[in-house]
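Asker: My questions are about this predicted structure, shown below with the sequence.
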Amino acid sequence: MTDPLALHRALLTIDTHIDIPWPNGPAFRDETTRRVDLPKMRRGGVGAGCFAAYVPQGPRTPEGHEAAYVRAVAMLEAIRVMGGDAARLCVSAADIEQAHADGITAIVPAVENGHACAAEPGRLARFRELGARYLTLSHNGHNALCDSSNPRADLGDAAEEHGGLSALGRQAIAELNRLGMVIDIAHVSKKAMLQAAGLSRTPVMSTHSCIKALCDNARNLDDEQLDALRDVGGVVQITAVPSFLRAGKKADEVTVGDYVDHLDYAVRRIGLAHVGISSDFDGGGGFAGWRDASESANLTAELVRRGYGAEDIAALWGGNFLRVLKRAEQAAE
Ligand SMILES: [Zn+2]
């Protein structure tokens, strides 16, 4: 019988989507009231976290675009230094593996919302220079690159604007491939997702989504989308947002079992190599049993209980994500 806690401690565990306090949040190195900080990651045996420079969708004016870009750069600069000497900035798959070998927490930067590139795909290179490993193409609301799964009527969005990706969105995907950044299809419309999967030279992923067949939420992926992820070698990182897991249930009514039900569904549908784990902590994620990073071993315990072996759990907790990251890096020009 596998000891879940011992197994969990030995794994390279990667949470692929975490938000950071902005502006002027509490120090990451100290114990805080947030769901993720360095002490909680250590207690919870979380080896690496992808921290998102999140840019809310706003007006697509020159001023709005410039403000989005400036914010993303400032957030990436903050993410670079937030661990100080107590954690390590990791900007490649090899960096993450080395941090794990050295027993130090890995900080992996990312950008959430293609709005941040200010409708100029050429600016994505700056995000890569600052360490960003993936770009989420949109957030809630259509942007210059693509349609969102959640149009924003308050921003004047129609149900659909670009029919999926715009011409700029296609350019952005080519540029992300060139830079070796992963294309994150969380938050984008189904058409945009399928087009991005087909267009990208390397596997796309959803860094934080759940399963539509189990919970009919616009942010979740249906079977056709899951099959497309499998076909291109991508992954879906099941996430901990209660409303994506159980419709109409409050956070304290959703359980680790509900979460692993989504993960199980994806494993059965598209195979274990295409499924992973994310929290969306401090961005909407958290439920009974996985309220914050310190409780992360509860997932491993449930996976062991359901019969997953050590190698399977290692793949789910980070191996599959690293494979996609490496593919992106190898294809960089
Ligand atoms: Zn998100």
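Answerer: Yes, it's here.
Asker: hey, let's count contacts and neighbours off CA atoms from now on
Answerer: Fine.
Asker: Would you map the helices across this protein?
Answerer: With DSSP state H as the criterion, the chain has helices at 4-10, 38-43, 62-81, 93-102, 124-129, 167-179, 190-199, 223-231, 242-245, 256-270, 297-305, 310-314, 320-330.
Asker: what's the neighbour count on the closest residue to Leu165 other than its chain neighbours?
Answerer: Leaving out its chain neighbours, the residue that sits closest to Leu165 by Cα to Cα, 6 or more residues apart in numbering is Cys146, at 4.3 Å. Per other Cα atoms under 10 Å, the neighbour tally for Cys146 reads 30.
Asker: try Val232
Answerer: 17.
Asker: how far away is it from Leu272?
Answerer: Applying Cα to Cα, to the nearest Å, the value for Val232 to Leu272 is 14 Å.
Asker: List the contacts of the spatially most central residue of the chain.
Answerer: Note on the chain: the residue nearest the mean C-alpha position is Thr207, at 2.7 Å, using Cα atoms, centre = their mean. Thr207 makes contacts with Thr16, His17, Asp184, Ile185, Ala186, Val236, Gln237, Ile238, Ser278, as judged by Cα atoms under 8 Å, 6 or more residues apart in numbering.
Asker: thinking again about what came up before, return the most buried member of the helices of the chain.
Answerer: Counting by mean count of other Cα atoms under 10 Å, helix 242-245 has the highest mean neighbour count of the helices of the chain, with a mean of 24.
Asker: That one packs against which elements?
Answerer: Judged by 3 or more Cα pairs under 8 Å, 6 or more residues apart in numbering; DSSP states H and E, helix 242-245 is in contact with helix 256-270.
Asker: Compute the inter-axis angle for the helix it packs on and helix 223-231.
Answerer: Following axes from the mean of the first three to the mean of the last three Cα atoms, to 10 degrees, one obtains 70 degrees for the angle between helix 256-270 and helix 223-231.
Asker: what's helix 256-270 packed up against?
Answerer: Helix 256-270 is packed against helix 223-231, strand 235-238, helix 242-245, strand 275-277, helix 297-305, with contacts defined by 3+ Cα pairs under 8 Å, 6+ apart.
Asker: Pipe the ones you listed into CSV and attach distance to Gln330 per row.
Answerer: Shown next, in CSV, are the helices and strands packed on helix 256-270 (distance: least, Cα to Cα, whole Å):
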stretch, distance to Gln330
helix 223-231, 19
strand 235-238, 17
helix 242-245, 33
strand 275-277, 21
helix 297-305, 30
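Asker: what about the ones you listed, which gets the closest to Gly103?
Answerer: helix 297-305 (17.1 Å; Cα to Cα).
Asker: what does that closest one rub up against?
Answerer: Contacts to helix 297-305, defined as Cα under 8 Å, 6+ apart, come from residues Thr2, Pro4, Leu5, His8, Gly44, Gly45, Val256, Gly257, Val260, Gly289, Trp290, Ile313.
Asker: Show me the shaky parts of this structure.
Answerer: For the chain, applying pLDDT under 70 flags the ranges 1, 24-26.
Asker: ok so, going back, between the contacts of helix 297-305, which sits nearest Val55?
Answerer: Distance to Val55, by Cα to Cα, is smallest for Trp290 among the contacts of helix 297-305, at 25.6 Å.
Asker: Please report how far that closest one lies from Ala228.
Answerer: 29 Å.
Asker: ok, now Leu168?
Answerer: Noted for Leu168: a distance of 22 Å to Ala228, by Cα to Cα.
Asker: was I right about Arg34 contacting Asp282?
Answerer: Yes - the pair Arg34 / Asp282 is scored as a contact, 6.7 Å apart, by Cα atoms under 8 Å.
Asker: list residues touching both of these two?
Answerer: Joint contacts of Arg34 and Asp282 (Cα under 8 Å, 6+ apart) do not exist.
Asker: buried residues in stretch 158-169?
Answerer: Ala159, Glu160, Glu161, His162, Gly164, Leu165, Ser166, Gly169 (16 or more other Cα atoms under 10 Å).
Asker: Give me the nearest residue to the first one, chain neighbours excluded.
Answerer: I take that to be Ala159. Nearest to Ala159 is Pro151, by Cα to Cα, 6+ apart, at 6.1 Å.
Asker: ok so, going back, how much space between the residue nearest to Leu165 and Gly122?
Answerer: Using Cα to Cα, Cys146 is found at 17 Å from Gly122.
Asker: do Gln195 as well
Answerer: With Cα to Cα as the criterion, Gln195 and Gly122 are 21 Å apart.
Asker: Contact partners for Arg35?
Answerer: Arg35 makes contact with Phe281, Asp282, Arg291, Asp292, Ala293 under the criterion Cα under 8 Å, 6+ apart.
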